[in-house]
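>>> How does the following fold in three dimensions:
(one chain, ligands or ions: 1)
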Amino acid sequence: MPPSVFVIFGATGDLTHRKLIPAALSLFEKGRLPEIFAIVGVARKDMTTEEFRSSLEASAKQFKKHFSAASWKRFSQLIHYFKNDFDTEGSYPEMKLFMEKIDQEYGTAGNRVLYLATMPRHFENIINLMKRYDCIKRTKDRTYRIVIEKPFGTDLKSATDLNEKLSALFHEKEIFRIDHYLGKETVQNLFALRFANRIFEPVWNSKHIDNVQITVAESLGVEGRGGYYDGYGATKDMIQNHLLQILSIFAMEPPKEFESEAIKDKKVALLTKIKLDSYQLGQYNGYAQEPGVAPGTKTETYSAVKLHIDTPRWKGTPFYLRTGKKLARKASEIVVRFKDCEYNLFDVKSNVLVIRLQPDEGIYLRFNAKEPGTDFKITEVSMDFCHECLFPINTPEAYEKLIFDAFSNDRSLFSRWDEVASAWKLVDRIDKSKPVIYEQGSWGPPSFDDMTWREPL
Ligand code: BG6
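Now for the predicted structure:
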């Protein structure tokens, strides 16, 4: 890996504290960051580098699995802070000089991995002002990469504008649109499940699959992020990215090879064939009183959509996606319900394959077996694969994997522009103004279109 400065915009925010710094520290401990390396945190707060370091230390203790004071001591020496108002022009020439000083001090040779972890409304300004003040100084040896958090835009139009601004400063191969669900082991395992097993692929179609339900349920609410969340809601915050990414890997055609662009081509081909049938939005009771949320808000904290995919493989199989906050439990899973047996010999339940994304990661298959005894009675049993029982240690956190990939220049698990655009085209068709109220701790509004959600275990 070339020497590099990791520049985090939004360095005092939640994401940096909970995820980015613990992940970078973990990579540092494993020797998986560039040997010559420094971090510059950029944010609006007035604070010194020392204050910044100690605030990060407190969060690393809280959010990293194993905290070692000795490695923190070495790691923290690489961290610096620069105050920038994001939108104030004057800060950019100064920031450029600051980075050059860091290059001289550490030998990072002008290479940057820039990470936009601010509120999304600052993205465009940061990009425009970096361009105006020549913060990206290309020479033939320098490497630049930009990692940009989701949501990428608020609809197709704003996403297209943002993409144009980005493309004026960076090449597509330097842009890493992050969706941290793609860094989750269980989401990556979908590739192995489908394409490394003869037993699943032949039944992965509407001849055998009756319907698919994808749930990403959270028990937490907006947790102090009301100011951001109220402008987006569950559909833009979760369906547009995480859930459609899961669906596209679940349902895509096999790629020619296991390679970034080949996979993305198939994902896009799938995304462009998804049609919206119906949807249902909800808002948890009490959301309107959360800090940062507008009075009388119509923002949805629950979103469920029914889709179908217009391809020969999926003709006739409905796909249901739902996500929400303040639901009964944190549980993300894909439930694949198979069709009834072709031989009508027994009155039994249909087979179900559950891919449990988090927590209690694993896969289980419900099928029918004869109950021991003199009568011929059939009962439902299951085969279980528990991820943690088999692979108990060293499973990297999603952000750890993705930060490592950004430094290694591997874009496989990042979204290409046409994936993002196709997802917005679909989501733009949802009228997000009429959520129904649901109780906190419930499973959200009652089902729609006569379907029954399978309650996560
Ligand atoms: C983020 C959303 O992308 O994902 C949050 O902005 C959500 O609203 C979070 O809580 C869920 O991520 P995870 O990894 O905890 O399932």
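
>>> contacts, neighbours, all on C-alpha from now
OK.

>>> can you give me the strands for the stretch 351-457 of the chain?
Using DSSP state E, counting those that start in this stretch, the strands of the stretch 351-457 of the chain run over 352-358, 362-371, 377-386, 436-438.

>>> what are the pairing partners of the last one, and which direction each?
Based on DSSP bridges, the strands next to strand 436-438 in the sheet, each with its direction, are strand 274-284 (parallel).

>>> Only alpha carbons, please: show the strand it pairs with as PDB.
The C-alpha coordinates for strand 274-284 follow below in PDB (Å, rounded to 0.1, in the frame of the first residue of the first chain):
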ATOM      1  CA  ILE A 274     -37.200  -4.300 -10.500                       C
ATOM      2  CA  LYS A 275     -40.800  -3.000 -10.500                       C
ATOM      3  CA  LEU A 276     -42.600  -1.400  -7.600                       C
ATOM      4  CA  ASP A 277     -46.000  -3.000  -6.900                       C
ATOM      5  CA  SER A 278     -47.000  -1.400  -3.600                       C
ATOM      6  CA  TYR A 279     -45.700  -0.100  -0.400                       C
ATOM      7  CA  GLN A 280     -46.600   0.900   3.200                       C
ATOM      8  CA  LEU A 281     -45.000   3.500   5.400                       C
ATOM      9  CA  GLY A 282     -45.100   4.000   9.100                       C
ATOM     10  CA  GLN A 283     -44.000   6.300  11.800                       C
ATOM     11  CA  TYR A 284     -43.400   5.200  15.400                       C
END
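
>>> now the strands of the stretch 351-457 of the chain in CSV, with mean neighbour count, distance to residue 36 and mean pLDDT?
CSV is the format used below for those (neighbours: other CA atoms under 10 Å; distance: least, CA to CA, whole Å; pLDDT from 0 to 100):
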stretch, mean neighbour count, distance to residue 36, mean pLDDT
strand 352-358, 21, 35, 96
strand 362-371, 16, 38, 96
strand 377-386, 14, 39, 94
strand 436-438, 19, 52, 97
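
>>> Same list, these, but as TSV with distance to residue 280 please.
Formatted as TSV, those follow (distance: least, CA to CA, whole Å):
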stretch	distance to residue 280
strand 352-358	23
strand 362-371	28
strand 377-386	32
strand 436-438	8
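
>>> Identify whichever of those strands lies nearest to residue 156.
strand 436-438 (25.6 Å; CA to CA).

>>> Would you mind listing the outside residues contacting that closest one?
281-285, 444-445 (CA atoms under 8 Å, 6 or more residues apart in numbering).

>>> Could you do stretch 50-60 as well?
Contacts of stretch 50-60 (CA under 8 Å, 6+ apart): 12, 17-18, 21-22, 67, 72, 76, 79-81.

>>> Could you look up the SS state of residue 42?
strand (DSSP: H, G, I helix; E, B strand; the rest coil).

>>> Beta-bridge partners for it, please?
If you apply DSSP bridges, the partners that residue 42 bridges to are residue 9, residue 82.

>>> Report the separation between it and residue 61.
21 Å (CA to CA, to the nearest Å).

>>> out of the contacts of stretch 50-60, what pair is the most spread apart?
Longest span within those, CA to CA: 67 and 81, 22.0 Å.

>>> Between these two, tell me which one has more neighbours.
Counted by other CA atoms under 10 Å, residue 67 and residue 81 do not tie: residue 81 has more neighbours, with 24 against 16.

>>> The more buried one: what's it in contact with?
By CA under 8 Å, 6+ apart, the neighbours of residue 81 are 40-42, 47-49, 52.
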